[in-house]
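[1] Here is the input, now give the coordinates:
(2 chains)
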Amino acid sequence: AQSVAQPEDQVNVAEGNPLTVKCTYSVSGNPYLFWYVQYPNRGLQFLLKYITGDNLVKGSYGFEAEFNKSQTSFHLKKPSALVSDSALYFCAVRDGGKGRRALTFGSGTRLQVQP
Amino acid sequence: DVKVTQSSRYLVKRTGEKVFLECVQDMDHENMFWYRQDPGLGLRLIYFSYDVKMKEKGDIPEGYSVSREKKERFSLILESASTNQTSMYLCASRSGLAGADEQFFGPGTRLTVL
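    Presented below is the predicted three-dimensional model:
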């Protein structure tokens, strides 16, 4: 089985400050990890992914995420938050081995960036 | 640009009605997925399909069925809609090629069952 936990329902940060949105995962094989963002009344947009290689991956809009195998985590980060980053963020995992072909998503974290 | 379209953005139906949600992708993707999104629960997988006429149950298939007669189209069917099926429904697709890992999502259909 595969699962994802996003322990924070909401994260509040001031504009210009660094932000972190937390994610931990569980898979039996190699983890394929993803972050998606959802703006109001929109579908999900892909931000970044980790499949293999460097533990720090960079994605769209200045976001990055760090894969930590020992802690089974894949936290999303940005050095300097913008008000326009306010949205709902989802972490997702897929077993890269013989597992299911579908992504399993976390419950989502709402990011609120205050001006 | 990959495009995934869903037939309706908003839909209101009555309890007991048969409901069809349609999804079309234009990138010749092998894999297609239906999720429902509910506050605090994230996205939950209903069904997915990895080829024409092939389907697999996801985590919450009860009360739903699917149809994939053509590669580009994946339909979700609520045989007899109930109020607990009021939700946002999201369709996604992904290429079957090795290394193609990203799922592309449609804009969603917000279904209300009265």
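
[2] which residues in chain A form strands?
    Assigned by DSSP state E, the strands in chain A fall at A:3-5, A:10-14, A:19-21, A:24-26, A:31-38, A:44-50, A:56-58, A:64-68, A:73-78, A:87-95, A:104-105, A:109-114.

[3] which parts of chain A sit against chain B?
    A:6, A:9, A:32, A:34, A:36, A:42-46, A:49, A:51, A:90, A:92, A:94, A:101-108 (CB under 8 Å from any CB of the partner chain). Every residue, glycine included, has its C-beta placed from N, CA and C.

[4] Separate out the buried members of those.
    A:6, A:32, A:34, A:36, A:43-44, A:46, A:49, A:90, A:92, A:94, A:101-108 (16 or more other CB atoms under 10 Å in any protein chain shown).

[5] tell me the pLDDT at residue 5?
    All of this is about chain A. If you check A:Ala5, the pLDDT there is 96.

[6] that answer is for a different chain, and I need it for chain B
    95.

[7] OK, contacts around it?
    Listed by CB atoms under 8 Å, 6 or more residues apart in numbering or on different chains, the contact set of B:Thr5 reads B:Cys23, B:Val24, B:Gln25, B:Asp26, B:Gly106, B:Pro107.

[8] Tell me where the model's unsure across chain B.
    B:1-2 (pLDDT under 70).

[9] Contact residues of it facing chain A?
    So far as CB under 8 Å from any CB goes, chain B lies against chain A at B:4, B:31, B:33, B:35, B:40-45, B:48, B:50, B:58, B:90, B:92, B:94, B:99, B:101-108.

[10] Just the buried ones from those, in ChimeraX syntax?
    To isolate the buried subset of those in ChimeraX, counting by 16+ other CB under 10 Å, use the following:
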select /B:4,31,33,35,42,43,44,45,48,50,58,90,92,94,101,102,103,104,105,106,108
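
[11] so what strands line up beside the strand or helix carrying B:Arg68?
    Assessed by DSSP states H and E, B:Arg68 sits inside strand B:64-70. Under the criterion DSSP bridges, strand B:64-70 sits next to strand B:73-78 (antiparallel) in its sheet.

[12] what lines up beside the longest strand along chain B in the sheet?
    Longest strand in chain B, counting residues (DSSP E): strand B:42-51. Looking at strand B:42-51 with DSSP bridges, its partner strands are strand B:31-38 (antiparallel), strand B:54-57 (antiparallel).

[13] Now B:Asn84: phi and psi?
    phi -80, psi 0 (degrees, to the nearest 10).

[14] and it, how many residues sit next to it?
    9 (other CB atoms under 10 Å in any protein chain shown).

[15] now A:Gln71: how far from chain B?
    Noted for A:Gln71: a distance of 21 Å to chain B, by CB to the nearest CB, to the nearest Å.

[16] What's the per-residue pLDDT of the nearest residue to that residue once chain neighbours are set aside here?
    Leaving out its chain neighbours, the residue that sits closest to A:Gln71 by CB to CB, 6 or more residues apart in numbering or on different chains is A:Thr24, at 7.3 Å. A:Thr24 carries a pLDDT value of 98.

[17] Give the burial count for A:Thr24, as a bare number.
    Taking other CB under 10 Å as the definition, A:Thr24 ends up with a neighbour count of 18.

[18] before we move on, back to that, dump the contacts of B:Thr5 to a markdown table, plus distance to A:Ser60 and secondary structure.
    Below are those laid out as a markdown table (distance: CB to CB, whole Å; DSSP: H, G, I helix; E, B strand; the rest coil):
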| residue | distance to A:Ser60 | secondary structure |
| --- | --- | --- |
| B:Cys23 | 24 | strand |
| B:Val24 | 25 | strand |
| B:Gln25 | 21 | strand |
| B:Asp26 | 22 | coil |
| B:Gly106 | 19 | coil |
| B:Pro107 | 18 | coil |
